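K.L.:
sequence-free structure coming up:
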C-alpha cells in the first residue's frame with residue numbers, strides 16, 4: 001500500500017513558493033517562513049493569490065507532486081500534474097468500458113449502493129448519539145434501505161440517478177437533526193453555488209478537498225479522472241473523480257463536518273458573509289485543514305482489503321481496485337462501505 005504523505009496547504013496571501021536543495025520553501029515578504037523536505041510531500045494546495053517559481057513547478061512535475069490552485073473561498077481553479085503515469089492500455093480499457101452499458105450499470109450500481117449504505121451509517125451514528133437521538137433519523141435510514149432495494153432492480157443509469165437524487169433529498173433533510181440542538185448553526189437545505197450558510201460553506205469546502213485527492217489518486221494509478229460513468233462527460237470536468245467521490249462523501253466528508261460543528265470547533269468569526277454567499281475565512285480554512293489533515297492520518301479497517309488503511313489513502317485504494325477490475329483481476333467493483 002502507498003505511504004500517506006503530507007499535503008502542504010498555503011493560505012497566507014502573496015506567499016512565494018520556490019525550491020532549494022530538494023526542499024520546498026515558502027517566503028512571505030523577505031522572510032522565509034516554511035521549509036519542507038520534498039520527500040515528505042505529495043501535494044501542494046494554494047488558496048488565493050500565490051506566486052510559484054517555474055523551477056518549483058518543474059520540480060513538482062518530475063517528482064509526481066500534485067500542485068492545485070483554489071480560490072480564496074476554496075473553489076477549485078486548476079491542477080498541475082506531470083507526465084501521465086500508468087499503462088496506456090489501462091486507459092484504453094477505461095475508455096472502451098464507457099461504451100459497455102452492462103459494465104457501466106454494474107459499476108454505478110455498486111457505487112451508489114455504497115453511497116446509500118454509508119449515508120445510512122451517518123444517520124444511524126447520529127441517531128445513537130445523546131444530543132441528536134431522534135426517531136426521524138431512524139425513519140430516514142429505513143427509507144434509504146428501501147431505495148437501496150429499488151437500486152438493485154434498476155436496469156439503467158438514468159433510473160439509478162433518480163434513486164440517488166431521492167436518497168440525497170431524504171438524507172440532507174435530516175442534516176439539521178444530525179447537527180443537534182446545541183449547535184448554533186443551521187443547515188436548512190443543501191446550497192452549493194454559492195453556499196448560503198456556514199454549514200453548506202464548510203461542506204462545499206471539504207468536498208473540494210476530497211475531489212482534488214480523488215483526482216490525484218486516479219492519476220497516480222494511471223486512470224483518467226475525466227472519463228466517468230455516473231456524471232455526464234463534459235470538457236474540463238473530472239467526471240470519474242466525481243463518480244468515485246460519491247461513496248466517500250458520507251464517511252470522509254459529511255461525518256467530518258458534523259463533528260466539527262458538534263464539537264464547536266468552528267465559530268461565527270471564522271466565516272465571511274456577503275449578500276449572496278457565505279464562505280470560510282482564512283482562520284476558518286486553517287481550522288478545517290488542520291482537522292482534515294489529522295483525520296486523514298487515522299486508520300480504519302478497509303472492508304475489502306481486510307487490513308487497516310489510513311483514511312487519507314482510501315481514494316488511492318479505491319482507484320487501485322477499479323484498475324484491477326479493468327485488468328480483469330476482479331469480477332466486480334468492491335466499493336468502500338463504512339461500518
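P.N.:
Nice, thanks for sending it over. In this text the structure is predicted, and so the values were computed from the model without any measurement.
K.L.:
now do the contacts for residue 16.
P.N.:
26, 27, 28, 50, 51, 52, 53 (CB atoms under 8 Å, 6 or more residues apart in numbering). C-beta here means a position set from N, CA and C on the backbone, and glycine is covered the same way.
K.L.:
ok, the last one touching residue 18?
P.N.:
This means residue 53. Yes - counting by CB atoms under 8 Å, residue 53 touches residue 18, with 4.2 Å between them.
K.L.:
the two: which has the busier surroundings?
P.N.:
The residue with more neighbours, out of residue 53 and residue 18, is residue 18; 17 against 14, by other CB atoms under 10 Å.
K.L.:
hang on, the more buried one in a strand?
P.N.:
Yes - checked against DSSP: H, G, I helix; E, B strand; the rest coil, residue 18 lies within a strand.
K.L.:
low pLDDT regions in the stretch 1-150 of the chain?
P.N.:
Within the stretch 1-150 of the chain, the ranges that satisfy pLDDT under 70 run 1-5, 73-75, 83-86, 130-133.
K.L.:
quick one, phi/psi of residue 50?
P.N.:
Backbone torsions of residue 50, given as degrees, to the nearest 10, read phi -130, psi 150.
K.L.:
for the closest residue to it other than its chain neighbours, give me its contacts.
P.N.:
In space, not counting the residues next to it along the chain, residue 50 is nearest to residue 15; the distance is 5.2 Å by CB to CB, 6 or more residues apart in numbering. By CB under 8 Å, 6+ apart, the residues touching residue 15 are 26, 27, 28, 33, 46, 50, 51.
K.L.:
quick one: residue 15 from residue 218, how far?
P.N.:
28 Å (CB to CB, to the nearest Å).
K.L.:
all strands of the stretch 151-300 of the chain, in order?
P.N.:
Per DSSP state E, counting those that start in this stretch, the stretch 151-300 of the chain carries strands over the ranges 271-273, 278-280, 299-301.
K.L.:
next, count neighbours for residue 195.
P.N.:
When neighbours are defined as other CB under 10 Å, residue 195 has 22 of them.
K.L.:
look up how far residue 173 lies from the closest residue to it other than its chain neighbours.
P.N.:
Nearest non-adjacent residue to residue 195, counting by CB to CB, 6+ apart: residue 201, 4.1 Å away. Note on residue 201: its distance to residue 173, by CB to CB, is 19 Å.
K.L.:
so residue 149, which of the three states?
P.N.:
Going by three-state DSSP: residue 149 is helix.
K.L.:
which residue is the nearest non-sequential neighbour of residue 147?
P.N.:
residue 167 (4.9 Å).
K.L.:
my bad, residue 118
P.N.:
Using CB to CB, 6+ apart and skipping the chain neighbours, the partner closest in space to residue 118 is residue 250 (3.7 Å).
K.L.:
the one you found against residue 122, yeah?
P.N.:
Yes - with contact defined as CB under 8 Å, residue 250 counts as touching residue 122 (4.8 Å).
K.L.:
show me what contacts the closest residue to residue 14 other than its chain neighbours?
P.N.:
Closest residue to residue 14 apart from its sequence neighbours, by CB to CB, 6+ apart: residue 49 at 6.3 Å. By CB under 8 Å, 6+ apart, the contact set of residue 49 is 13, 14, 72.
K.L.:
can you redo the residues you listed as TSV with distance to residue 300?
P.N.:
TSV is the format used below for these (distance: CB to CB, whole Å):
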residue	distance to residue 300
13	36
14	39
72	32
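K.L.:
how much space between residue 148 and residue 124?
P.N.:
As judged by CB to CB, residue 148 and residue 124 stand 14 Å apart.
K.L.:
helices of this protein, start to end?
P.N.:
Assigned by DSSP state H, the chain shows helices spanning 54-63, 88-97, 101-128, 135-153, 157-172, 175-179, 198-221, 239-245, 255-262, 282-296, 314-327.
K.L.:
quick one: low-confidence parts of the stretch 201-339 of the chain?
P.N.:
Ranges of the stretch 201-339 of the chain meeting pLDDT under 70: none found.
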